[in-house]
Each structure stands twice: as structure tokens, then as C-alpha cells.
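Peer 1: the sequence isn't on hand, but the structure is:
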């Protein structure tokens, strides 16, 4: 049986790990390599690492950091941040990263998806879509850490990136980021019927039950979370955690297999 | 000495780290000379079938590998696209495969699946061991491995299949024919079960 995935998402800012709220106020939560080691021990399903400075500063990805992460990481690793060209993607791929995530480059130059897929395979090309609710219904796509708003229609965009060969779509809710009050299920209901590649949801998970409810409603899906796996308690003390084998099995039995 | 074949395709470093942690002798082979002294071979692979086959051809190692595997009978394991390369051909590409195991590579036909399932097949899936094999020795019950693929190996001789997984249908995820092994999932990214499998291969 294929199990739905539970994926810690780590944000890198000024070489440290941070967690944001609504894409703002990055709070330092620790060292990236140390976090990878902990998630190795906890046998996380996958890991997603996003450098939130690279595209914003219009600079190259930090290859040395990526290499250090990839060498340490004993689970599938998805890296995103600052990738604009096939050459950069190939270089990162060759450092031992399984999946390459793009966001602003995908919306500005969608052909990059097809070109990357040709080079590293469709299965390794991930498009992250950051979205925010419109005032009067619907969603807008944003890039550059929620600073740049695009006029592209989200449904059309999702169809387009699939026709170009994307291997996975990550939907990230800016509205729910860091609030730990649950995923934006309305968003997922709206777009999931259009998606025929693996889909991962990010933004808002505050408990394992939030993740369970996602599996309950949407079946095979990836549940990614930041705050949930780096904070503990209502005062948000920094503590890296991840469900162990028994907890994960219980969650999946309760919500997914039923 | 385990030679990890580095033809520019696949996560070489992940395997190197694992065998370093096991304290097993390995080297990374980038040329046919590097293959001298190898007693076992690891053929990783990711990306598209033709790109992988072409890259192996361009590396200059292919003929020597044919000799080491088919004549000298060194144990070899193909991983992910590396497993698919063991076949005679793939629906994904035009180039012939290595043809070391009698089979072909097919694409999942999701239109036939009862549920609406995404492609690629991505994530942790349990595997079923359909015959005992030294490669899968000492794995836990109902072991889970990480998969990331849209194509799978179909054996022409069913006795070569040693494990299956289910994704809409049962498909072969591990093969063995004499000294030749293949695994579709990623043992290097499959935590303790993957470690055990790679250790088993190192100890063959």
C-alpha cells in the first residue's frame, strides 16, 4: 500500500533555519544540518528545504550548503530557491538532491519546466505555488516570498505546468502559513480535481490531526508542515519533532485506511 | 571492492556515504580503468531512460561492464532507472537497454486503474517478498521503501521477480537473475530497510 507522505519543510534565511508567519517575521529556529540529522533519526518520509533569500536577492543557489545538506540527508530531499536555469538544476541534482523546486522561474518562464524535465526527469521537477485569497473569492499566485503578485489564473496555470511535464505540485497557502490552525481545504477542493501528478499541501498544519484530516478528505496526498515540526507548545519553544513509526501508523490507520 | 558507477546520472554520493558508514570498501568508477579491481557493481540511475543509456555509453564503461557482469559474473545491482536499464528496452526511450535480464520496461497505464491515481508513483510503499533472496534477507515484516517513478520493469521470466509492490496493480519492484539484481525503489533514501538491503548487497 502506498502511504501518504508527511514532509517537514525547512526555510533557510541568512544561513540559518527560520519559520515565518504569513511569509513574514522569520524566527530563527536552528541550524539546517542539525535539523537534517534529527529528521534522519526520526526517519522522516521526505524533506523539503527552501532558501527564501536566493530568489529575493536574485542570487545563485548556495551550492555548498545544498551539497552539505544532500550528503547528510538519508531521505528524499527537495530543494528550492534561486533556480532559474537548467544548468543550475542539473548542478543541484548532481549534488544528490532528488527533487528540484521552482516557483518564480516557473511562472516567468514556464518552458523551464519542460527543459528541466528533459534533463533530470519529470519525477524530479517540482513547482511550488504560493497563493493568497483574493478579497472577493478565488486565489492569486504570488512569488518572491509573497511580495510579487501575478495575474495568472491559478486553474490555467496548473493545467499549463502539467502539460509541460511537472512531476509534483506543492500548494502553499500564504494566508495560513505559520498560523497552525489547519490547512486551507477550500483551496485544495478547488484545484485537486485538475491535478494528475502528486500534490503536496503546505501552510497551516498545527497538529497531526490536521494532517490526518487532510488524508481523510483527499486520500493520497503529501502533507508538508513547517511550524508543526519545529515548535512545541503555545509559546512556540523551538523543538524539532516528527511522528515516530507507531504514531505515523496510528495516524494513517485512523484517518487513511479506516 | 564495491564500484559505484558514476556516469553522470544518479546519486553517487548517497551510496558512497552509506558504504563509508558500513566500513565497506568502495570506489567511485568514472572510467573503465576505474572498474579494475571491482568485485561488485552498483548501477544507480535517475532521469530518462535514453539519457541514462546514452550517458553510460558515453562514459566508455559499457563494454567493460558487459564483460564484468556477463562473463566474469560480478554481482551487480541496478537501482531505479539503473534497474530499468537491465531490460532489453523501455517504452520511455528508443535506445536498447543492457539486456542483462530478460524483460521490458513499461509505463503505468493509469487509465486502467480503478481509482484516480497520480503519476509518478511517488512515496513510501510496502513491498511483498515473493521469494526468499539474499538481497532481501533480514528486512522487517511489511517493509516500506521510497519510490519515485512512472515506468516499471516487466520480467519475461517470472522466476526473476523477487518482490512486488502495488500501485493500481501489482508490479515487480525487485529482480534477480544469477549475479544480476535490480531494485526500482531507492534504498539509499529508504532509511533502515534501505540500509539493510544495501548492506546485504555488500555482503553477498
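Peer 2: Done, it's in. Owing to the predicted nature of the structure, the values given are computational and were not obtained by experimental measurement.

Peer 1: where along the chain do the helices fall?
Peer 2: By default, I'm working from chain A. Counting by DSSP state H, one finds helices in chain A at the ranges A:32-41, A:63-72, A:86-94, A:104-108, A:111-120, A:154-163, A:185-191, A:208-218, A:227-230, A:245-252.

Peer 1: oops, I was thinking of chain B
Peer 2: Secondary structure of chain B (DSSP H): helices at B:12-22, B:49-59, B:62-66, B:81-84, B:191-203.

Peer 1: among the ones you listed, which is the most enclosed?
Peer 2: helix B:81-84 (a mean of 27; mean count of other CB atoms under 10 Å in any protein chain shown). C-betas here are computed from N, CA, C, even on glycine.

Peer 1: what about that one, distance to the chain center?
Peer 2: Counting by CA atoms, centre = their mean, to the nearest Å, helix B:81-84 is centred 5 Å from the centre of its parent chain.

Peer 1: which stretch among the helices of chain B comes nearest residue A:231?
Peer 2: Residue A:231 lies closest to helix B:191-203 among these, at 24.4 Å (CB to CB).

Peer 1: if I pick the residue in chain A positioned nearest to chain B, what's in contact with it?
Peer 2: Minimum separation of chain A from chain B (CB to the nearest CB) falls at residue A:121, amounting to 3.9 Å. With contact set as CB atoms under 8 Å, 6 or more residues apart in numbering or on different chains, residue A:121 has these partners: A:167, B:46-48, B:51, B:81.

Peer 1: switch the cut-off to 6 Å
Peer 2: The neighbours of residue A:121, taking CB atoms under 6 Å, 6 or more residues apart in numbering or on different chains as the test, are B:46-48.

Peer 1: thinking again about what came up before, residue A:4 is nearest to which of the helices of chain A?
Peer 2: Across the helices of chain A, closest to residue A:4 is helix A:208-218 (CB to CB), at 4.8 Å.

Peer 1: the lowest-mean-pLDDT helix or strand in chain B vs chain A: in contact?
Peer 2: Within chain B, no helix or strand scores below helix B:12-22, which has a mean of 91 by mean pLDDT, DSSP states H and E. Yes. Using CB under 6 Å from any CB of the partner chain, helix B:12-22 comes into contact with chain A via B:13-14.

Peer 1: what angle sits between that helix and helix B:191-203?
Peer 2: If you take axes from the mean of the first three to the mean of the last three CA atoms, to 10 degrees, helix B:12-22 sits at 80 degrees to helix B:191-203.

Peer 1: other residues contacting helix B:12-22?
Peer 2: With CB under 6 Å, 6+ apart as the test, helix B:12-22 has contacts from A:71, A:96, B:4, B:6, B:26, B:28, B:42, B:188, B:198-199.

Peer 1: just the buried residues of those.
Peer 2: A:71, A:96, B:4, B:6, B:26, B:42, B:188, B:198-199 (16 or more other CB atoms under 10 Å in any protein chain shown).

Peer 1: can stretch A:94-109 be found next to chain B?
Peer 2: Yes. Interface with chain B: stretch A:94-109 contributes residue A:96 (CB under 6 Å from any CB).

Peer 1: in the sheet, who's paired with residue B:42?
Peer 2: With beta bridges defined as DSSP bridges, residue B:42 has these partners: residue B:4, residue B:77.

Peer 1: in chain B, which residue is most central in space?
Peer 2: Chain B has residue B:79 as the residue nearest its centroid, 2.2 Å off, counting by CA atoms, centre = their mean.

Peer 1: contacting residues around the nearest residue to it once chain neighbours are set aside?
Peer 2: Computed as CB to CB, 6 or more residues apart in numbering or on different chains, the closest residue to residue B:79 that is not its neighbour in sequence is residue B:44, at 5.0 Å. Residues in contact with residue B:44 (CB under 6 Å, 6+ apart) are B:10, B:79, B:82.

Peer 1: distance check, the closest residue to residue A:26 other than its chain neighbours against residue B:61.
Peer 2: Counting by CB to CB, 6+ apart, residue A:26 lies nearest to residue A:18, which is 3.6 Å off, once chain neighbours are set aside. Taking CB to CB, to the nearest Å as the measure, residue A:18 falls 44 Å from residue B:61.

Peer 1: try residue A:112
Peer 2: Distance from residue A:112 to residue B:61, by CB to CB: 32 Å.

Peer 1: what do you get for residue A:123?
Peer 2: Distance of residue A:123 to residue B:61, computed by CB to CB: 25 Å.

Peer 1: more neighbours: those two, which one.
Peer 2: Legend: neighbour count by other CB atoms under 10 Å in any protein chain shown for residue A:123 and residue B:61, higher for residue A:123 (28 against 24).

Peer 1: ok now do the more buried one, which residues does it touch?
Peer 2: Contacts of residue A:123 (CB under 6 Å, 6+ apart): A:167, B:120, B:148.

Peer 1: which residues touch the first one?
Peer 2: Counting by CB under 6 Å, 6+ apart, residue A:167 makes contact with A:122-123, A:125, B:120.

Peer 1: wouldn't residue B:148 be in contact with residue B:124 here?
Peer 2: No. Residue B:148 is beyond contact range of residue B:124, at 10.5 Å (criterion: CB atoms under 6 Å).

Peer 1: distance of residue B:25 relative to residue B:134?
Peer 2: Residue B:25 is 19 Å from residue B:134, where distance means CB to CB.

Peer 1: so where do the strands sit in chain B?
Peer 2: Using DSSP state E, the strands of chain B run over residues B:2-5, B:26-29, B:40-43, B:76-79, B:89-90, B:103-107, B:121-129, B:144-149, B:151-155, B:161-167, B:169-177, B:180-183.

Peer 1: can you redo those strands as CSV with mean pLDDT?
Peer 2: Below are the strands of chain B laid out as CSV (pLDDT from 0 to 100):
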stretch, mean pLDDT
strand B:2-5, 98
strand B:26-29, 98
strand B:40-43, 98
strand B:76-79, 98
strand B:89-90, 98
strand B:103-107, 97
strand B:121-129, 96
strand B:144-149, 96
strand B:151-155, 97
strand B:161-167, 97
strand B:169-177, 97
strand B:180-183, 98
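
Peer 1: now those in a markdown table, with distance to residue A:196?
Peer 2: Formatted as a markdown table, the strands of chain B follow (distance: least, CB to CB, whole Å):
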| stretch | distance to residue A:196 |
| --- | --- |
| strand B:2-5 | 34 |
| strand B:26-29 | 38 |
| strand B:40-43 | 31 |
| strand B:76-79 | 27 |
| strand B:89-90 | 22 |
| strand B:103-107 | 14 |
| strand B:121-129 | 12 |
| strand B:144-149 | 16 |
| strand B:151-155 | 16 |
| strand B:161-167 | 14 |
| strand B:169-177 | 18 |
| strand B:180-183 | 27 |
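
Peer 1: how about chain B: which residue is closest to chain A?
Peer 2: When scored by CB to the nearest CB, chain B has residue B:47 as its residue closest to chain A, at 3.9 Å.
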